[in-house]
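task: produce atomic coordinates for the following.
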Amino acid sequence: MKKSILFLSAAAMLAVSCQNFKKGDGGLEYNIVKDAGSDKAIAGDFLSVDMTIKSDRNDSLLNSTYDLGLPQIVQIAGDSIPGGYKGDYNSMFRFLGEGDSAVFKLNLDTMAARTGQPKPEFADKFVTFTVKVRKHFKKGQLTDSALYGQLDTYFKGELEGLQKAEAGKITKYVADNKLEPKKTASGLQYVVTEEGKGNKPALGDTVVVNYTGKLTNGTVFDSSIKAEAEKAKLAMDPMRTFEPLRFSLGNQPVIQGWTEGLQLLTKGTKATFIIPSALAYGDRPAGQKIPPYAPLVFEVELVDVI
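Residues are numbered from 1 along each chain as shown. Sure, this is the predicted structure:
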C-alpha cells in the first residue's frame, strides 16, 4: 500500500505540473512543485532523493527509487565535468535543496548535440524526472572523509530501517492474501496450491521450474513465463527465450530458499514460496528491483525432476 501511495503522489505531482513548465538552459524544462526555502545544492554537495524516471514514449516507467525502498544519492558535479553542459542531468539538481520537489524534462536532442552521443532508443524527445529531496549534505568546509562519513551513517540508517521492516512485510503479505502457509525451521514459508504426483527432488537432481518472482508489495521482478512478464511490463530482452529454468539442485547457484523449498515439492506441484531475505539476497540489492533485506515471493511449478 505504501508503494501505491508514493506512486500516486508522484503521478499527481506530474499531472499538476504538466501545464507549468519553465524553459531552462539546453532545452531543459522544469517545474518546481515545492520550494521549501532551503539552501540549494552546489558543486561538491550530495542530495538524497526519491525519484521516478519516465520516457515520453508511452509514458513508460524506466526506473524508480520507490521500487528499492531506498533513496538515490546524487553528487553535484562542478561545471568542468567532462561531457557536461547547461541543461544536463547534473543541472537539474542545482535547482533543489532539502524538502524541495520538482519535475524535470531532459531534452534528448540537446544531449545528443552537446555530447555527440546518439539519442537513446527508449524515448523520443524527453526523459522526465520527478524528484523529491529527502536530505541535503553540504560540502562547505568539510573534508571529504567527514562528508563521506555523514553519507555512510545516513545510508546505514536507511538499511537498518529496511531490515526492521522485513518481518512486518511478510506478516502483512500473508494476512492480505489470506494465506495459511507452512513454515520451516529456516523461516521459509510455503503454500501448496496444486499437488503433484511425482517424486520429490534430492540434491544433485536436475529440476525444471516455471516461476514468477515478486516483492511483497506486488512488484514483479522476473518470470519464466512470457505472458506474466508482459503483464508485469518487464523490460523484454529480444534474445530471451521464455522457458522453464533447468538447473542441478544444490550444484548451481540459486537462492537458498529455492534449494530448500523445491525439495519439499513433488513433480508437478505448484506452490507459493515466501522467502525471507536471509534465504535470498540478504543485505544486498539484486538488480534494480530487489532492495536489501527484501522478502521475496515466488509462484513456482516443479515441471520435472531428472
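
packing partners for the longest helix along the chain?
The helix spanning the most residues in the chain, taking DSSP state H as the definition, is helix 144-176. With contacts defined as 3 or more CB pairs under 8 Å, 6 or more residues apart in numbering; DSSP states H and E, the packing partners of helix 144-176 are strand 46-55, strand 126-137, strand 270-275. Heads up, the C-betas are built off the backbone N, CA and C, glycines and all.

including mean pLDDT and mean neighbour count, could those go into a markdown table?
Output for the helices and strands packed on helix 144-176, formatted as a markdown table (pLDDT from 0 to 100; neighbours: other CB atoms under 10 Å):
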| stretch | mean pLDDT | mean neighbour count |
| --- | --- | --- |
| strand 46-55 | 95 | 21 |
| strand 126-137 | 96 | 21 |
| strand 270-275 | 98 | 22 |
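
can I get these in TSV including distance to Thr216?
Supplementary listing: those in TSV, determined by distance: least, CB to CB, whole Å:
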stretch	distance to Thr216
strand 46-55	20
strand 126-137	23
strand 270-275	8
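
and the longest helix of the chain, average pLDDT?
When the per-residue pLDDT values of helix 144-176 are averaged, the result is 96.

tell me the secondary structure at Tyr190.
Three-state secondary structure (criterion: DSSP: H, G, I helix; E, B strand; the rest coil) places Tyr190 in strand.

what's the distance between it and Ser145?
Taking CB to CB, to the nearest Å as the measure, Tyr190 falls 47 Å from Ser145.

neighbour count for the two, which is higher?
For the pair Tyr190 and Ser145, the greater number of neighbours falls to Tyr190 (22 against 7), based on other CB atoms under 10 Å.

bridged to the more buried one, which residues?
Lys182, Phe273 (DSSP bridges).

pretty sure it sits against Leu279.
No - between Tyr190 and Leu279 there is no contact, the gap being 11.5 Å when judged by CB atoms under 8 Å.

distance of the closest residue in space to Thr266 that isn't next to it in sequence relative to Gly24?
Distance criterion CB to CB, 6 or more residues apart in numbering; nearest residue to Thr266, sequence neighbours excluded, is Gly196 at 4.3 Å. With distances defined as CB to CB, the gap from Gly196 to Gly24 amounts to 60 Å.
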